[in-house]
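Q: Predicted coordinates and the sequence they were generated for:
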Amino acid sequence: MKPFSVAYTSACHFGVIAAVHLPDDPAPVPDGVLGQLPEVERDHARTLGGYRQVSFVGGRLALHRAIRGLGRRAGPVLPGEGGQPQLPEGVAASISHKRTLAVALAARDTHGSVGVDLEDLGPARMGIADRVLVASERALVDQLPAQRQWTAVLLRFSLKEAIYKALYPYVNRYVGFEEAEVTPLRDCQADVALHLKEGEGPFLVEARYQWMDGHVMSTVRIRSGTPAPE
Ligand SMILES: CC(C)(COP(=O)(O)OP(=O)(O)OC[C@H]1O[C@@H](n2cnc3c(N)ncnc32)[C@H](O)[C@@H]1OP(=O)(O)O)[C@@H](O)C(=O)NCCC(=O)NCCS
């Protein structure tokens, strides 16, 4: 795969997803690649080193590609104080990167904010379960056969990170893993119950996930409101 080339751009339930191949190597990003970013983003990238520079650049390339998929263009998108991408008016978007792939999800913000998270399936790190899962989630995971427990933990971790990214524009604070309870369903959707300790909301949360080629990817859309009565 050519480093920083587009892996795919596709429509998804919440908007447009773009993915960019990353080099598995922390060498400085070549000027020809940096030149594809708006000048202010390029300058920011030059302040970063190693894999952080690589992932920032790949994430921004994916982000601009996804925003163009909406028929929009964005100027420089710099990180805010909480690390969130500071997006142009009218656009909701989110970024995630793992060692060899960066993804971005972009949507018009009329339906709320969005979050995306990508996780590598391995190696298993069951040690994160205590930090990530609330008691009800832990009980469900513990009932699974041992060989399925890691992916069950990882999926909940990924959904919660995507929830965090979509929630941040509304709450502007760190949200702990214990503030959301996620229940993956069989149709690649997930039920989400928020237990926000500062009482923000109510919010409508839609969450989806997909298993792909060594990764799981979660996408989330959040807007203010309560579910319509059935
Ligand atoms: C911020 C966090 C979610 C990033 O996840 P990660 O697995 O470390 O890294 P990813 O590659 O998936 O995502 C990184 C991107 O997240 C985005 N991001 C970082 N902070 C963010 C925030 N506060 N709000 C929205 N997006 C944010 C950025 O775009 C960043 O990429 P960039 O710096 O190149 O722009 C994670 O580090 C974290 O703090 N998690 C704990 C909080 C949490 O998930 N709580 C669960 C609540 S239910």
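A: Looks like it came in fine.

Q: Kindly state the domain boundaries assigned to the chain.
A: 6-111, 117-224 (automatic domain parsing).

Q: What's the local residue count around the residue of the chain found nearest the ligand?
A: Across the chain, the shortest distance to the ligand (CB to the nearest ligand atom) belongs to residue 83, at 2.8 Å. Every residue, glycine included, has its C-beta placed from N, CA and C. Using other CB atoms under 10 Å, residue 83 has 8 other residues around it.

Q: those helices in this protein, which residues are they?
A: In the chain, the helices defined using DSSP state H lie at 31-34, 39-46, 50-69, 129-132, 135-142, 146-171.

Q: now those helices in JSON lines, with mean pLDDT and mean neighbour count?
A: Listed next are the helices of the chain as JSON lines, based on pLDDT from 0 to 100; neighbours: other CB atoms under 10 Å:
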{"stretch": "helix 31-34", "mean pLDDT": "98", "mean neighbour count": "14"}
{"stretch": "helix 39-46", "mean pLDDT": "98", "mean neighbour count": "16"}
{"stretch": "helix 50-69", "mean pLDDT": "98", "mean neighbour count": "22"}
{"stretch": "helix 129-132", "mean pLDDT": "98", "mean neighbour count": "15"}
{"stretch": "helix 135-142", "mean pLDDT": "98", "mean neighbour count": "14"}
{"stretch": "helix 146-171", "mean pLDDT": "98", "mean neighbour count": "21"}
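
Q: Including distance to the ligand, could these go into CSV?
A: Below are those laid out as CSV (distance: least, CB to the nearest ligand atom, whole Å):
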stretch, distance to the ligand
helix 31-34, 14
helix 39-46, 10
helix 50-69, 4
helix 129-132, 8
helix 135-142, 11
helix 146-171, 3
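
Q: Could I get those in a markdown table, plus columns for distance to residue 196?
A: Listed next are the helices of the chain as a markdown table, based on distance: least, CB to CB, whole Å:
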| stretch | distance to residue 196 |
| --- | --- |
| helix 31-34 | 39 |
| helix 39-46 | 31 |
| helix 50-69 | 27 |
| helix 129-132 | 17 |
| helix 135-142 | 17 |
| helix 146-171 | 7 |
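
Q: Which one of these lies nearest to residue 226?
A: Across these, residue 226 has its closest neighbour in helix 146-171 (14.5 Å, CB to CB).

Q: ok so, going back, quick one: closest of the helices of the chain to residue 15.
A: For residue 15, the closest of the helices of the chain is helix 50-69, at 7.3 Å, according to CB to CB.

Q: dump the residue contacts of the closest residue in space to residue 44 that isn't next to it in sequence.
A: Nearest residue to residue 44, sequence neighbours excluded (CB to CB, 6 or more residues apart in numbering): residue 78, at 5.9 Å. By CB atoms under 8 Å, 6 or more residues apart in numbering, the residues touching residue 78 are 40-41, 44, 85-86.
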